[in-house]
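Peer 1: sequence? don't have it. structure:
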């Protein structure tokens with residue numbers, strides 16, 4: 001009687017700051033302030049925030065932190081998932097990008113799976129991309145405001161850490177008064193919150209910097225703003241303030 005050998009796990013790698021880390025399927029791989037991938041000494045970052053593990057013939061990404069969420073998205077399909085604390089998603093695409101914020105820093109990394117299985121798992125992803133963009137009547141001024149916040153991340157080559165500008169700095173970048181800029185951002189976040197996009201609600205438990213970062217995460221992963229839009233920042237007067245509210 002011949003016993004078939006168990007299939008080996010697909011190769012999984014993580015890219016951050018120009019370095020490739022190979023994940024061992026026999027041992028969980030932790031990402032955070034410490035762990036197998038120690039990002040930096042940011043005190044706002046959990047010691048261990050994300051965990052990669054191979055279980056039941058799937059690679060999984062889990063949020064093992066206590067208060068920071070992450071956006072997981074596939075550039076090709078525009079599908080994205082919001083990974084809150086104590087939740088996990090199967091890694092069924094060939095590559096996903098993961099973005100999360102701790103204090104003033106936003107981190108972006110890539111996870112590559114050499115044996116994608118998206119046909120089996122696409123229903124597990126949350127579609128917040130093209131559908132959301134089509135459903136909402138965004139104005140040019142709203143897009144410009146979001147673009148000013150997203151500029152550092154759109155300009156950064158590769159994967160690593162980015163500082164999202166303050167409202168005041170982003171407003172100055174396009175020559176707007178701070179109150180006008182904040183109103184546009186508030187309106188965008190309110191629309192997204194009504195659509196059920198997590199992390200857009202303000203208040204005591206949602207610091208302003210965290211909300212801005214979450215807005216940038218959504219805008220880039222959904223394709224709402226791209227590198228091709230950056231030229232708009234150099235000619236903001238050409239954008240009509242066509243928002244009545």
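Peer 2: Sure thing, it's come through. Bear in mind the structure is a predicted one, so any value in this text is a computation, not a measurement. Residues are numbered from 1 along each chain as shown.
Peer 1: which residues touch the helix or strand that residue 51 is a member of?
Peer 2: Residue 51 belongs to strand 50-55 when elements are defined using DSSP states H and E. Residues from elsewhere that reach strand 50-55, judged by Cβ atoms under 8 Å, 6 or more residues apart in numbering: 9, 12, 14, 23, 25-26, 28-32, 59-65, 70, 83, 91, 98, 100, 111. All C-beta atoms are positioned from the backbone trio N, CA, C, and that covers glycine.
Peer 1: any idea which helix or strand carries the nearest residue to residue 80 once chain neighbours are set aside?
Peer 2: Excluding its sequence neighbours, the residue lying closest to residue 80 (Cβ to Cβ, 6 or more residues apart in numbering) is residue 73, at 3.6 Å. In the assignment (DSSP H and E), residue 73 maps to strand 70-74.
Peer 1: Run the chain-centre distance for that strand.
Peer 2: 5 Å (Cα atoms, centre = their mean, to the nearest Å).
Peer 1: Tell me which strands it pairs with, and in which orientation.
Peer 2: The sheet places strand 70-74 alongside strand 79-83 (antiparallel), strand 95-102 (antiparallel), with pairing taken from DSSP bridges.
Peer 1: Now the last one: average pLDDT?
Peer 2: So that's strand 95-102. Confidence over strand 95-102, taken as the mean pLDDT, stands at 92.
Peer 1: Any idea which of the strands paired with strand 70-74 gets closest to residue 164?
Peer 2: Among the strands paired with strand 70-74, strand 95-102 comes nearest to residue 164, with 7.4 Å by Cβ to Cβ.
Peer 1: following that closest one, which helix or strand shows up next?
Peer 2: Moving toward the C-terminus from strand 95-102, the next helix or strand (DSSP H and E) is strand 105-113.
Peer 1: other SSEs contacting that following strand?
Peer 2: Helices and strands in packing contact with strand 105-113 are listed as strand 12-16, strand 95-102, strand 161-163, helix 208-221; criterion 3 or more Cβ pairs under 8 Å, 6 or more residues apart in numbering; DSSP states H and E.
Peer 1: at 7 Å what do you get?
Peer 2: Packing partners of strand 105-113 (3 or more Cβ pairs under 7 Å, 6 or more residues apart in numbering; DSSP states H and E): strand 12-16, strand 95-102, strand 161-163.
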